[in-house]
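Trainee: Return atomic coordinates for the entry below.
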Amino acid sequence: MLGILIALLSGTLMSVQGVFNTEVTKQTSLWVSSAFVQFTALLVCLAAWAVTDRTSFAGLFSVDPKYMLLSGVLGAVITITVVKSMGALGPARAAMLIVIAQLIVAYLIELFGMFGVEKQPLEWRRVLGMAVSIAGIVIFKM
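Mentor: The predicted structure is shown next:
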């Protein structure tokens, strides 16, 4: 139950953040807004680390495979693409497409066992669920 609540909170915060980022971008620029988002995220993470964790940053050098360290780069690209999509489509349409893309890619990652995730068998009910979600987007767009 806690996982469900955290996931719902995450989705809520992502939508609100996307709207905030889009508005800041309109008043500044894409790169200023994105840099500010990443910088403030860094400050929050460093503060949380200082208060709660204190694990050595040297552990990053033992991460394997090394391409996993590109998640920060992906975070910057995500910020930029969310801002651009919300500006072009509006928050609701952009959020729906983002969530559908996340769902499809996450299922493909599980299906093929990519990036160290345990491989899962194809389940047609999940494919049907994604198809229903896509149909919902088409209906919403009409």
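
Trainee: Which residue ranges of this protein form helices?
Mentor: Using DSSP state H, the helices of the chain run over 2-27, 30-48, 71-89, 91-112, 124-141.

Trainee: So in the protein, where's the weakest helix or strand by average pLDDT?
Mentor: Taking mean pLDDT, DSSP states H and E as the measure, helix 124-141 is the helix or strand of the chain with the lowest mean score, a mean of 88.

Trainee: got a list of contacts for that one?
Mentor: For helix 124-141, contacts defined as C-beta atoms under 8 Å, 6 or more residues apart in numbering pick out Ala92, Arg93, Met96, Leu97, Val99, Ile100, Leu103, Ile104, Tyr107. Any C-beta I mention is one placed from the backbone N, CA and C, and that applies to glycine too.

Trainee: re earlier: mind checking which of the helices of the chain is nearest Phe57?
Mentor: Nearest of the helices of the chain to Phe57, taken as C-beta to C-beta: helix 30-48 at 10.3 Å.

Trainee: What lies in contact with that closest one?
Mentor: In contact with helix 30-48 (C-beta under 8 Å, 6+ apart) are residues Gln17, Asn21, Val24, Thr25, Thr28, Gly75, Ala76, Thr79, Ile80, Val83, Lys84.

Trainee: How about stretch 75-87?
Mentor: 14, 17-19, 21-22, 25-26, 30, 33-34, 37-38, 41, 94-95, 97-98.

Trainee: In PyMOL, select just the buried ones from those.
Mentor: Buried residues within the contacts of stretch 75-87, by 16 or more other C-beta atoms under 10 Å, are selected in PyMOL with:
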select buried, resi 14+17+18+19+21+22+25+30+33+34+37+94+95+98
